[in-house]
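Enquirer: coordinates for the following, if possible.
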Amino acid sequence: MLYWLTELSDGGDVFNLFRYITFRSGGAFLTALVFGFIFGPPLINVLRRTQGKGQPIRSDGPEGHLAKSGTPTMGGLLIVGALLTSTLFWARLDNPFVWLVLFVTMCFGLIGFWDDYAKVSKQNHKGVPGKVRLALGFLIAGVAAYWASMYHPSELQYQLALPVFKDTLINMGLFFIPFAMFVIVGAANAVNLTDGLDGLAIMPVMIAAVTLGIIAYAVGRVDFTEYLDVHYVPGTGEILVFVAGLAGGGLGFLWYNAPPAAVFMGDTGSLALGGALGAIAVAAKHEIVLGIVGGIFVVEALSVIIQVMYFKRTGKRVFLMAPIHHHYEKKGWAEPQIVIRFWIIALILAMIGLATLKVR
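Expert: Next up, the predicted model:
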């Protein structure tokens, strides 16, 4: 919205700053961060009063989690509210990719809110049936995948771009739509599975989002794409403003989610943020790179899939408990130790993901 101030500019005044994505990204970050600090305490108080017993704690989970009983959930409302406000203020609202990412984020956030509300109101950790959540998720992702394809350049439409092998494009035809749907839904649910310890999910999400935001900014500039020898996707640079809002809102949330957490992100936040990561990757034509920079989420999801499949086949478990962060809890690792080590791994994977921009 503030981009419209450029109409008041003669090219050499302060209003001209609003033309620059980097300047507006900084504004979005600070806006979201301040939003989190201002609205965090009252939101947590409201959630605490309305939820009573807070998020239900699984009786079969790690023993240390019983001490978290009574902690309110739906803290993702703080992140989503911060990034929505900052994006609407600072992004160009005539950019289709901005609306695409916002659409996916808000819709998955609504699914997560419904699920959180069902869990809290019934004091049952099952919430909304998984099949219903998946069906709604694929419906939203289908709209987003088609939407993105319509705004991709004709030479990239329905194509799968590969990292490193930059001259290679795989023509998937209409199969690109279900592929992109899988990327978005898979990312949303993988982040959801990762959100099991205080601060565990939010930092890797911010790291992955900032990495993808930098990539989206790079592929949205002709000069950068020529230097890096990557495919040009006009308009994706504006996604950096959204990502900056996500980072600011995420840090604001982490202030209250740091151990011991005053509030949990809940499915409201994890599904919204995971869906956002998938949507950004699809918009920027870097779906495979998402699997690298979001490697933590991939491993968490795979650990659950492996555990379930192996148990059904043999009646035995590969991990002491899935997702894998609970496995390390069962092995005696302290919660902060697991969280910080996962953060370090997320940073390493982000560096690898960024390196794919130049490696050939």
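
Enquirer: quick one, what contacts V128?
Expert: I111, W114, D115, A118 (CB atoms under 8 Å, 6 or more residues apart in numbering). The way it works is simple: take the backbone N, C-alpha and C, and place the C-beta from them, glycine included.

Enquirer: what is the burial count for the residue lying closest to L17 once chain neighbours are set aside?
Expert: Closest residue to L17 apart from its sequence neighbours, by CB to CB, 6 or more residues apart in numbering: F23 at 4.8 Å. Using other CB atoms under 10 Å, F23 is surrounded by 15 other residues.

Enquirer: now the one 5 residues further on
Expert: For A28, the tally of surrounding residues (other CB under 10 Å) stands at 31.

Enquirer: measure it to T87 for me?
Expert: 6 Å (CB to CB, to the nearest Å).

Enquirer: overlap in contacts of these two?
Expert: Common neighbours of A28 and T87 (criterion: CB under 8 Å, 6+ apart): V241, F242, G245.

Enquirer: element containing the residue nearest to L17, please.
Expert: helix 21-51 (DSSP states H and E).

Enquirer: got the buried residues for that helix?
Expert: 21, 24-29, 31-33, 35-36, 39-40, 43-44, 47, 51 (16 or more other CB atoms under 10 Å).

Enquirer: could you say what helices and strands it packs with?
Expert: helix 76-90, helix 239-257 (3 or more CB pairs under 8 Å, 6 or more residues apart in numbering; DSSP states H and E).

Enquirer: one step back: might one say that the residue nearest to L17 is in contact with N16?
Expert: No - with contact defined as CB atoms under 8 Å, F23 does not count as touching N16 (9.5 Å).

Enquirer: can you give me the helices for the stretch 151-300 of the chain?
Expert: Along the stretch 151-300 of the chain, counting by DSSP state H, counting those that start in this stretch, helices occupy 176-194, 202-219, 222-228, 239-257, 266-283, 287-293, 295-314.

Enquirer: any idea how far G275 lies from G250?
Expert: 15 Å.

Enquirer: for L136, list the residues it contacts.
Expert: I111.

Enquirer: for the stretch 251-360 of the chain, which residues score under the pLDDT cut-off?
Expert: When residues are selected by pLDDT under 70, those of the stretch 251-360 of the chain lie in 359-360.

Enquirer: and the nearest residue to S86 once chain neighbours are set aside, how close does it get to I170?
Expert: Nearest non-adjacent residue to S86, counting by CB to CB, 6+ apart: G245, 3.4 Å away. Using CB to CB, G245 is found at 33 Å from I170.

Enquirer: tell me which of the two has more neighbours.
Expert: Using other CB under 10 Å, the more surrounded residue of G245 and I170 is G245, with 31 against 13.

Enquirer: can you list the buried residues in the host helix or strand of L347?
Expert: L347 belongs to helix 335-355 when elements are defined using DSSP H and E. For helix 335-355, a neighbour-count test (16+ other CB under 10 Å) marks E335, I338, V339, F342, W343, A346, L349, A350, I352, G353, L354 as buried.

Enquirer: go through these and name the one nearest V191.
Expert: A346 (11.7 Å; CB to CB).

Enquirer: residues contacting the closest one?
Expert: With CB under 8 Å, 6+ apart, A346 has these contacts: M203, P204, I207, A208, G295, I296.

Enquirer: and with 7 Å instead?
Expert: M203, P204, I207, A208, I296 (CB atoms under 7 Å, 6 or more residues apart in numbering).

Enquirer: so the first one touches I344, yeah?
Expert: What it means is M203. No - M203 is not in contact with I344 according to CB atoms under 7 Å; the separation is 10.0 Å.
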